[in-house]
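Peer 1: structure for the following, please:
(chains A, B, C and D)
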Number of protein chains: 2
Amino acid sequence: MAAKQPGTRQAITEAGFRLLSRNPGANLEQIALAAGVTRATLHRYYPSRAKLIAALALTAIREMDEAVERASAGATTVAQSLRDSLFALIPLGDRHGFLAHEDIQAEPEVEAAFERMRAEMLDWMEAAQTEGLFDPSLPASWCVRSFDYLLYAAWESVRSEELTAKQAAQMAWRTLAQGLGDTS
Amino acid sequence: MAAKQPGTRQAITEAGFRLLSRNPGANLEQIALAAGVTRATLHRYYPSRAKLIAALALTAIREMDEAVERASAGATTVAQSLRDSLFALIPLGDRHGFLAHEDIQAEPEVEAAFERMRAEMLDWMEAAQTEGLFDPSLPASWCVRSFDYLLYAAWESVRSEELTAKQAAQMAWRTLAQGLGDTS
DNA sequence: CCGTGATTTGACATTAATGTCTCATGTGAT
DNA sequence: ATCACATGAGACATTAATGTCAAATCACGG
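Peer 2: Down below sits the predicted model:
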């Protein structure tokens, strides 16, 4: 098999997320192998490890943004939009895990995208508080963290086969909405 | 400064937790430096990186066990015991982070201790469900994960100076108890 | 059927981290 | 003062990961 760009690049990306989300120290040989190519081939697509990491980070952020966008499209309330986004993000757990574990201070472009994502989350949580979904007396930063980590917990539950994707999303949503909701 | 064992070992341990909880790939030079010693000295205390990791893991598990033990001592209900433990575990956040990030499959002794800890957590959560603190219809494994990750979220809030230790613990406890509680 | 160009590959070079060793130095106890 | 001991400092060997390259390979159009 030769003369094929898209398949290979995709395979490397996917393998990168899979391995690096579990073990940030995974070496390029392991990643290349998991992608079904050799290390040299990986280097052809990404000249250095740093470039690979940066490209993956950008891809991860873009995919998560798109997933949220899509999920939020049909929503009429912040609550529904948040819930649908949570469900949509579960399958992207390895992207999320990659961003959480890997050191992303290298490229300023990546840094900027990351910061923007974080700011959007914060706005979103404040909107949820205004709408009455979350207790307005809570720090919005805590809402962000709760969302973030409960999402991660849900993905881990799926990965370890304790729960199905749907079950995990329901658990996370319930814990989040109820946990951050106004004391009723 | 010479002829001092306890201080150095302690310094290395502390530096190890601090650096490795943030960056599992930190090298021994960085750790030694942060501990105020040279790499050679670090090697005298821990002949290899693997041994250092294993020793840190055992220490982390022991310290967390002790903290929980102490915190639970005066409690009369599972709820109170859990809550007090949560508060007691916040300052040990770097231990928790270290265990979460580092790969701990090496030493069977560490593996065993880790597994035991996990089993205890599960029992505990089931007790909390029986007592009525948590909704009994939830999978106990989800309760464990929620506890785990909300604890971690709380520590991160403290580390990034968004919240004080006490505030963070209160946030985490509220989110956990309310989020996993029976729908009232 | 065969040339063409892109791609893959195994081998080699470079670099970073780790582990080992020796000797100098400073400290505290005797 | 001196002995014992721990640390500091530096050189060195070994290993693992990373980066580079020329030759082999394969799909494709002619």
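Peer 1: which residue packs closest to the residue of chain A found nearest chain B, ignoring adjacent ones?
Peer 2: Of all residues in chain A, A:Gly179 sits closest to chain B, at 2.6 Å by CB to the nearest CB. The C-beta positions use only the backbone N, C-alpha and C, and glycine is treated the same way. Spatial nearest neighbour of A:Gly179, excluding adjacent residues (CB to CB, 6 or more residues apart in numbering or on different chains): B:Gly179 at 2.6 Å.
Peer 1: can you count the residues close to that neighbour?
Peer 2: By the measure other CB atoms under 10 Å in any protein chain shown, the count of residues near B:Gly179 is 26.
Peer 1: hang on, isn't it packed against A:Leu176?
Peer 2: Yes: between B:Gly179 and A:Leu176 there is a contact under CB atoms under 8 Å: 6.7 Å.
Peer 1: poorly predicted segments of chain A, please.
Peer 2: A:1-6, A:105-106, A:184 (pLDDT under 70).
Peer 1: centre-most residue in it?
Peer 2: With distances taken as CA atoms, centre = their mean, A:His96 lies nearest the centre of chain A, 2.5 Å away.
Peer 1: ok, now which ones touch that residue?
Peer 2: By CB atoms under 8 Å, 6 or more residues apart in numbering or on different chains, the residues touching A:His96 are A:21, A:60, A:64, A:89, A:151-152, A:155.
Peer 1: so the residue of chain A closest to chain B is in which element?
Peer 2: helix A:165-180 (DSSP states H and E).
Peer 1: relative to helix B:165-180, how tilted is that helix?
Peer 2: For helix A:165-180 against helix B:165-180, the angle by axes from the mean of the first three to the mean of the last three CA atoms, to 10 degrees is 130 degrees.
Peer 1: list the buried residues of the helix or strand encompassing A:Thr41.
Peer 2: Per DSSP H and E, A:Thr41 falls inside helix A:39-45. Applying a neighbour-count criterion of 16 or more other CB atoms under 10 Å in any protein chain shown, one finds A:42, A:45 buried in helix A:39-45.
Peer 1: that helix and DNA strand D in contact?
Peer 2: Yes: using CB under 7 Å from any atom of the strand, we find that helix A:39-45 touches DNA strand D at A:39-40, A:43.
Peer 1: is it correct that A:Thr130 is in contact with A:Ala140?
Peer 2: No: contact criterion CB under 8 Å: A:Thr130 and A:Ala140 do not qualify, at 10.4 Å.
Peer 1: higher neighbour count, the two?
Peer 2: A direct count of neighbours by other CB under 10 Å for A:Thr130 and A:Ala140 places A:Ala140 higher, at 19 against 11.
Peer 1: so A:Ala165 sits against A:Arg159, correct?
Peer 2: No: in this structure, A:Ala165 is not within contact of A:Arg159 by CB under 8 Å, at 10.0 Å.
Peer 1: which one is A:Gly36 nearest to, not counting chain neighbours?
Peer 2: Nearest non-adjacent residue to A:Gly36 (CB to CB, 6+ apart): A:Ala11, at 5.8 Å.
Peer 1: can you report how many residues neighbour the one you found?
Peer 2: Residues lying near A:Ala11 (other CB under 10 Å) number 18.
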